[in-house]
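*Asks:* Following is a predicted model, sequence given first.
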There are 2 protein chains.
Amino acid sequence: MAYTQTALAALAALGDPTRRAIFERLAARPLAVGQLSEGLPVTRSAVSQHLKILKQAGLVADVSEGTRRIYRLDPRGIGAMRAWLDGFWTQALDDFAAFVDQPHEPPPQKDPA
Amino acid sequence: MAYTQTALAALAALGDPTRRAIFERLAARPLAVGQLSEGLPVTRSAVSQHLKILKQAGLVADVSEGTRRIYRLDPRGIGAMRAWLDGFWTQALDDFAAFVDQPHEPPPQKDPA
DNA sequence: TTTGTGTGTAAGCCATGGCTAACGGTTAGC
DNA sequence: GCTAACCGTTAGCCATGGCTTACACACAAA
């Protein structure tokens, strides 16, 4: 499960509101750094720093186009997060069903050691 | 799309490493707060504060069991995150395919207004 | 009621990290 | 060559938030 590290980095990256805004903005269409910063309440420098983190997390990818640098979504980070979440999805449903079906189940023992 | 707010709160909550550790620990099995803090490098008080945030994000749910309080995973928050991610998944694949199929596509215009 | 267990909460400290300003580097065009 | 446009990086400031300590509340057993 080598995707775990990528998934954790992606989760940490998308924990910041500004990075989520950048991510959602790139989902609409690929953009250069300057265009990206125009619609955001922070400096182009801040956007560049966030893009570095998003890129390391596998959430975005960039392509040089002359002097400009076009950023777009990268499926790798998103896929890693999806796989990570799916691991808990069925487990959460099972736990939920257990509490519904057996509400009087004794609680887990204090120290099974 | 009322799940968006829940998804954003869940993303912000899982951005913290300690909260991810709590979340993964609860995925193994439901636990009380005391048991939860025993396996973590922080105080029980810190765990309680994190659980409050995770609960508000719809990621965990709790049930009173005498004086103890059993926490388990809540499918709602996880489902909201999955739905939020799926909205970008196909878009990311499309963007990726566009860059692969047409690498010489002209960059987006500077200001379409 | 009294005692002990289990938990949530408030106050405060302090490190993490997001932000701006300034600089340096690269490319395109003249 | 020179100039302009675009971007990444650094240094440093400062607010956010995670942590601990101490306190307050709820429940169970005696």
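*Replies:* Looks like it arrived, so ask away.

*Asks:* Please report how far the closest residue to DNA strand C within chain A lies from DNA strand D.
*Replies:* Evaluated by C-beta to the nearest atom of the strand, chain A has A:Thr43 as its residue closest to DNA strand C, separated by 3.1 Å. Heads up, the C-betas are built off the backbone N, CA and C, glycines and all. Relative to DNA strand D, A:Thr43 is positioned 8 Å away (C-beta to the nearest atom of the strand, to the nearest Å).

*Asks:* That residue touches A:Val33, doesn't it?
*Replies:* No - between A:Thr43 and A:Val33 there is no contact under C-beta atoms under 8 Å: 10.9 Å.

*Asks:* Of those two, give the one with the bigger neighbour count.
*Replies:* Neighbour count, other C-beta atoms under 10 Å in any protein chain shown: between A:Thr43 and A:Val33, A:Val33 has more, with 18 against 10.

*Asks:* Could you check how far the more buried one is from A:Ala13?
*Replies:* A:Val33 sits 17 Å away from A:Ala13, going by C-beta to C-beta, to the nearest Å.

*Asks:* Same question for A:Tyr71.
*Replies:* Taking C-beta to C-beta, one finds A:Tyr71 at 14 Å from A:Ala13.

*Asks:* all helices in chain A, in order from the N-terminus.
*Replies:* Ranges of helices within chain A are A:3-13, A:17-28, A:33-38, A:44-56, A:75-101, based on DSSP state H.

*Asks:* low-confidence ranges in chain A?
*Replies:* Scanning chain A for pLDDT under 70 picks out A:1, A:95-96, A:98-113.

*Asks:* Which one of the residues in it is closest to chain B?
*Replies:* A:Gly15 (1.8 Å; C-beta to the nearest C-beta).

*Asks:* Many thanks, we can stop here.
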